[in-house]
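**Student:** I would like to see how this sequence folds:
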Amino acid sequence: MDKSYSNLFTYDKDVSLKQSLPLAFEHLIAMIAGCIAPTLIFAGAAGLDNSDSILLVQMSLIGSALTTLLILYGPIKLVGSKLPMIYGVSFSYVSTMIALSGQFQTLGPRNIVAIVLGAQLIASIVSLVFGYALKYVLPYFPPLVAGTVVLSIGLSLYPVALNYMGGGGDLSMAGWGSWQYWFIAAVTLLTNIIFTHFGKGMISLASVLLSMVVGYVLAFFMGYVDLSPVANAGWFSIATPLHFGIRFEGSAIAAFIIIFIVTCIEGIGDMNSTTVGGMNRPATSDEIRGGIIGFSVANIIGSFIGTLPTATFSQNAGIVSINKVINKKVFISASIMILIAGLVPKFSSLLLTIPFPVIGGATISVFAAITMNGIRMITSQPLSMRNTYIVGVSVAIGFGFTQVVTAAHNAGVTFMPQSLEVAIGSSPVVLTTIFAFFMNLLIPEKEEDK
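**Tutor:** Numbering: from 1, shown residues only. Prediction:
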């Protein structure tokens, strides 16, 4: 390697823009599809109109950039890890946000967003406490428990992807499931597979984004893209604080607290992945605490400015492991690019013209990756009878009970208070987490389990 590039492999040394910008753009490409897709899915589920959807996409990008900058700079002790990482709006919350959209549909789209942001605010405060008390609570969330929850998150998102591949929205809508939608989704998925497994370098790393481009072009020529919202959008705007408001619902808060704790544990894995892959060492306890506390502070701020919950982006941690580039300037440049993208409504409105089948075809691989990350975490511990029992029963109860609640709801049968239905029956992730946590505590670990 040319010595002039050696500073790229250190955190604080100076590098030129000529060196940092291409690598920053690589991180932008790797994260942007994964950042906007959860927002687009939630905006559709909540029923937001075009202008509010554009604002939500804008604030997702702006909030992701600000979260990353906070983590990089660590302006206050233990607020920020100062590790080379990218943060963005996470898929981990999507299934719960969709469930809340259905439960509170009668309150209207903006109130649904307000409920999510209110739950985010309280859950962020809880995760902040979790960060400060990390050494005391971490033993209660071993890879077996955390992996089971991550597995359930991935599995719960598969129906979302397939629904979008068929046309998105309500299955009863006119045209849902038409061959044109499935064709667009299939081409997008096939392109993703080809780019991921046969592409090299940037093509492989940006496979999700590039497959969305291919699917988008195909959908455009098939007449499924309406560009009129782009023409009507402005060049610069930003949402005022509390544009959507904040509303507190106990059931939504309970669900979000669980997912935030799990996201913190996932973040620990991503931080270690970054330091081991890019710095040849594990993350220090101060870096882990600072990362979780910084993430929590950023989400507290995000709940007021209208940014959906963020988390570490594993795909960007993977880039660090591959190219070993850890220079802070690269990640600051990437953050600024993300911020600029969020400040331009025309760009955000263009993203909103992406048809549902394209989003579904491109993101099913992301959901599969989340599922496999859960399996990897689970299998990092022995697959003893005890451990497989905990995983199997937790997932069975989580998904089975949700199916029962959905069937009862569709049949007009009520067998529990609505608040409890939202808290534990709207998403399989919640009950899966509760059962995995308590079974791991209560079922004794025998010698042969170790």
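
**Student:** may I see the buried residues of stretch 39-49?
**Tutor:** By neighbour count on 16 or more other C-beta atoms under 10 Å, the buried set for stretch 39-49 is 39-46, 48. For the C-beta atoms, the positions are set from N, CA and C on the backbone; glycine is no exception.

**Student:** in helices only, show me the residues you listed.
**Tutor:** 39-46 (DSSP state H).

**Student:** of the buried residues of stretch 39-49, closest to residue 359?
**Tutor:** Nearest to residue 359 among these: residue 40, at 6.0 Å, using C-beta to C-beta.

**Student:** report the separation between that closest one and residue 256.
**Tutor:** In this view, residue 40 and residue 256 are 20 Å apart by C-beta to C-beta, to the nearest Å.

**Student:** dump the residue contacts of the residue sitting nearest the centre point of the chain.
**Tutor:** Residue closest to the average C-alpha location in the chain (C-alpha atoms, centre = their mean): residue 90, at 1.4 Å. Counting by C-beta atoms under 8 Å, 6 or more residues apart in numbering, residue 90 makes contact with 38, 263, 309-311.

**Student:** widest-spaced pair of the residues you listed?
**Tutor:** Greatest spatial distance among those (C-beta to C-beta): 38 and 263, at 12.6 Å.

**Student:** shared neighbours of those two, anything?
**Tutor:** Shared contacts of residue 38 and residue 263 (C-beta under 8 Å, 6+ apart): 90, 93.

**Student:** follow-up on the earlier one: of the ones in helices among the buried residues of stretch 39-49, closest to residue 378?
**Tutor:** Comparing those against residue 378 with C-beta to C-beta places residue 41 closest, at 26.0 Å.

**Student:** what segments of the protein are strands?
**Tutor:** With DSSP state E applied, the chain shows strands at 87-89, 310-312, listed in chain order.

**Student:** adding distance to residue 70, pLDDT and neighbour count, write the contacts of residue 90 out as CSV.
**Tutor:** Listed next are the contacts of residue 90 as CSV, based on distance: C-beta to C-beta, whole Å; pLDDT from 0 to 100; neighbours: other C-beta atoms under 10 Å:
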residue, distance to residue 70, pLDDT, neighbour count
38, 20, 86, 25
263, 16, 82, 26
309, 15, 93, 29
310, 10, 91, 26
311, 14, 88, 24
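
**Student:** got those as JSON lines, with distance to residue 108 columns?
**Tutor:** Listed next are these as JSON lines, based on distance: C-beta to C-beta, whole Å:
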{"residue": "38", "distance to residue 108": "21"}
{"residue": "263", "distance to residue 108": "28"}
{"residue": "309", "distance to residue 108": "21"}
{"residue": "310", "distance to residue 108": "25"}
{"residue": "311", "distance to residue 108": "28"}
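
**Student:** closest one to residue 19 out of the residues you listed, please.
**Tutor:** Nearest to residue 19 out of the contacts of residue 90 is residue 310 (C-beta to C-beta; 27.5 Å).

**Student:** confirm for me that that closest one is in contact with residue 85.
**Tutor:** No: using C-beta atoms under 8 Å, residue 310 makes no contact with residue 85, being 11.4 Å away.

**Student:** can you list residues touching both of the two?
**Tutor:** The contact lists of residue 310 and residue 85 share no entry, where a contact means C-beta under 8 Å, 6+ apart.

**Student:** ok, residue 138 - contacts?
**Tutor:** Residue 138 is in contact with 265, 268, counting by C-beta under 8 Å, 6+ apart.

**Student:** not counting its neighbours along the chain, what's nearest residue 257?
**Tutor:** Leaving aside its chain neighbours, residue 257 sits nearest to residue 123 (4.6 Å; criterion: C-beta to C-beta, 6 or more residues apart in numbering).

**Student:** list the contacts for the one you found?
**Tutor:** The neighbourhood of residue 123, defined by C-beta under 8 Å, 6+ apart, consists of 253, 256-257, 259-260, 299, 309.

**Student:** turn those residues into CSV, including distance to residue 351.
**Tutor:** Formatted as CSV, those follow (distance: C-beta to C-beta, whole Å):
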residue, distance to residue 351
253, 30
256, 25
257, 30
259, 25
260, 26
299, 22
309, 19
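
**Student:** let me know the closest of these to residue 100.
**Tutor:** Using C-beta to C-beta, residue 256 comes nearest to residue 100 of the contacts of residue 123, at 9.1 Å.

**Student:** and that closest one, what pLDDT?
**Tutor:** Predicted confidence (pLDDT) at residue 256: the value is 90.

**Student:** list the contacts of it.
**Tutor:** Residues in contact with residue 256 (C-beta under 8 Å, 6+ apart) are 93, 96, 116, 119-120, 122-123, 309.

**Student:** now, which of these lie within helices?
**Tutor:** Taking DSSP H as the definition of helices, the contacts of residue 256 contribute 96, 116, 119-120, 122-123.
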